[in-house]
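Asks: everything below, folded, please.
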Amino acid sequence: MNEIRISDLAEPKLTEFQISAREFGDELTVSFDRDEILAEACAETGMSDYGPDDFLERLDLVCEDWGTDPTINGLGRFILRTQLVGYARTRLLVMGYLKHHPDVHDIEIRQPIIVVGLPRTGTTHLVNLLAADSRMRSLPCWEASEPLPRPDDEMLPDGTDPRYQRSADGWEMSVQSAPLIAAMHDMAPDTIDEEISLMYSDFSTYSFEWNSFAPRFRDHYYASDQLPRYEYLKTMLKLLLHRQPPDAPTRWVLKSPMHLENLPELRAMFPDATYVMTYRDPVSVIQSAITMLAYGQRMTRKSVRIAQLAEYWPDRIERLLRRMVEHFHLLPPEQRVDVHFHEFMADNAAVVRRVHDTAGLPGTEQSQREIADYVGANPRGKHGQIVYDLEGDFGVNPSMMRQRFKFYFDAFGVQPEGEMG
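Replies: Got it, this is the predicted structure:
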């Protein structure tokens, strides 16, 4: 396995392509005016009905967070604003679809398998393994980024959906801009994405915090009732089932870390789900996550915010886990599969069998072959293995940080990595 050590995390040495891209961004004038963003999406779609306007407050907060952040460079501002226009465009398309197809609401989401765990705990690999089974309905990145086609979309001559092509082009550009990103978080078009991406168009997902610092939005999110937001998510899942062929699979396999702090809402929306709970040393999670974020900042920030990342994300992950511990009892043991990271890494197939058994989904020769084919095509470390150094890169002592997560270690029998028995 090719080990990769990022030696220029705090003071990046940029390639010619990266320098050129940043210079392009610095020449742009980028506005985070909410009305301009909404008007642009209306002009792109020829539509104007955004549905219930409660989302405006959330959009305003994101615009304020990002628009007033002096550390974001021109390219970063351009990327973030383009994303907001895209989310607004999707919302218009969704509201139009629901207006013309009210029977979407009659569709039932039955017995989904939902992977719930911290980022960087194997959830992405696990959900991709489960999604390789053709009996399951999953959410590939290309569909997550654009759940509905644009009004002027037409299939390409080779039969490719233009949304897929845009996703592929975007991923290629991401890899050119940040070549190591594939080793950290592969988001090629066919890779399975988190369903909370469908909540972007409701401006209600904690993913805004991953895109860039968003403390005002975060605080509003903390203080708000998330049940309506999960109702929106469920509607989006129904909408995607409504659009697919009648013989396509309808049983969802889903995953997101955000569910950790919203277990009551998750349980209310999906009471018959199989909940696959993953566990890992949160310090390993944090060092992996902030290294990925710091690496991405070489393109979107005037300077990499090492200290800010090392302060923000331990607090954010602690909040996530404390909420999980508080509400964990809501998940019925007979509907839950507990997966420790080292167990999953040691035997992927055994974990998949446990999930299938709990979900009442017996293995078949075809499903075993499909999963084996996926494993063969996607070995661990396919794009290289990043070597992380929390203390060397961020000045944070791992043992000291672990003390704040004692409640989590104790609650779930998680062992600190490097100290396994």
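
Asks: next, the buried residues of stretch 297-307.
Replies: Neighbour-count burial for stretch 297-307, with 16 or more other C-beta atoms under 10 Å as criterion, is recorded at 297, 298, 299, 300, 301, 304, 305, 306. From N, CA and C alone the C-beta is placed, and that goes for glycine too.

Asks: what's the weakest-modelled helix or strand in this structure?
Replies: Every helix and strand of the chain was ranked by mean pLDDT, DSSP states H and E. The lowest is helix 181-184, at a mean of 84.

Asks: dump it to CSV, keeping only the CA atoms.
Replies: Listed next in CSV are the C-alpha coordinates belonging to helix 181-184 (Å, rounded to 0.1, in the frame of the first residue of the first chain):
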residue,chain,number,x,y,z
ILE,A,181,-8.5,14.0,-2.1
ALA,A,182,-9.3,10.6,-3.7
ALA,A,183,-7.2,8.9,-1.0
MET,A,184,-9.1,10.7,1.7
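
Asks: quick one: the very next helix or strand once past that helix to chain centroid distance?
Replies: The C-terminal neighbour of helix 181-184 among helices and strands, as given by DSSP states H and E, is helix 207-211. Distance, stretch centre to chain centre, for helix 207-211: 9 Å (C-alpha atoms, centre = their mean, to the nearest Å).

Asks: now stretch 317-327
Replies: Distance, centroid of stretch 317-327 to centroid of chain: 18 Å (C-alpha atoms, centre = their mean).

Asks: and if you look at stretch 188-206?
Replies: Worked out by C-alpha atoms, centre = their mean, stretch 188-206 lies 6 Å from the chain centre.

Asks: quick check: mean pLDDT of that stretch?
Replies: What stretch 188-206 shows for mean pLDDT is 97.

Asks: circling back to that earlier point, show me the contact partners of the least confident helix or strand of the chain.
Replies: Contacts with helix 181-184, where a contact means C-beta atoms under 8 Å, 6 or more residues apart in numbering, come from 4, 174-175, 187-188, 288, 291-292, 295-296, 381, 383-386.

Asks: which of those fall within strands?
Replies: Among the contacts of helix 181-184, DSSP state E puts 4, 385, 386 in strands.

Asks: nearest to residue 270 among these?
Replies: residue 386 (33.3 Å; C-beta to C-beta).

Asks: who's that closest one bridged to?
Replies: residue 4 (DSSP bridges).

Asks: the helix ranked longest in the chain - contacts with which helices or strands?
Replies: Ordering each helix of the chain by length in residues (DSSP state H) puts helix 74-100 first. In terms of contacts (3 or more C-beta pairs under 8 Å, 6 or more residues apart in numbering; DSSP states H and E), helix 74-100 is packed against helix 16-26, helix 34-45, helix 55-67, helix 227-243, helix 282-300.

Asks: quick check: which of those is buried the most?
Replies: Of all the helices and strands packed on helix 74-100, helix 282-300 has the most neighbours on average by mean count of other C-beta atoms under 10 Å, namely a mean of 23.

Asks: and the angle from that helix to helix 16-26?
Replies: Helix 282-300 and helix 16-26 are oriented at 70 degrees to each other (axes from the mean of the first three to the mean of the last three C-alpha atoms, to 10 degrees).

Asks: which residue ranges form the helices in the stretch 251-400 of the chain?
Replies: 263-269, 282-300, 306-327, 341-346, 348-358, 365-377, 390-394, 398-403 (DSSP state H, counting those that start in this stretch).

Asks: using JSON lines, lay out those helices together with mean pLDDT and distance to residue 252.
Replies: As requested, those are exported to JSON lines (pLDDT from 0 to 100; distance: least, C-beta to C-beta, whole Å):
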{"stretch": "helix 263-269", "mean pLDDT": "98", "distance to residue 252": "12"}
{"stretch": "helix 282-300", "mean pLDDT": "95", "distance to residue 252": "25"}
{"stretch": "helix 306-327", "mean pLDDT": "97", "distance to residue 252": "21"}
{"stretch": "helix 341-346", "mean pLDDT": "91", "distance to residue 252": "21"}
{"stretch": "helix 348-358", "mean pLDDT": "95", "distance to residue 252": "14"}
{"stretch": "helix 365-377", "mean pLDDT": "92", "distance to residue 252": "16"}
{"stretch": "helix 390-394", "mean pLDDT": "96", "distance to residue 252": "35"}
{"stretch": "helix 398-403", "mean pLDDT": "95", "distance to residue 252": "35"}
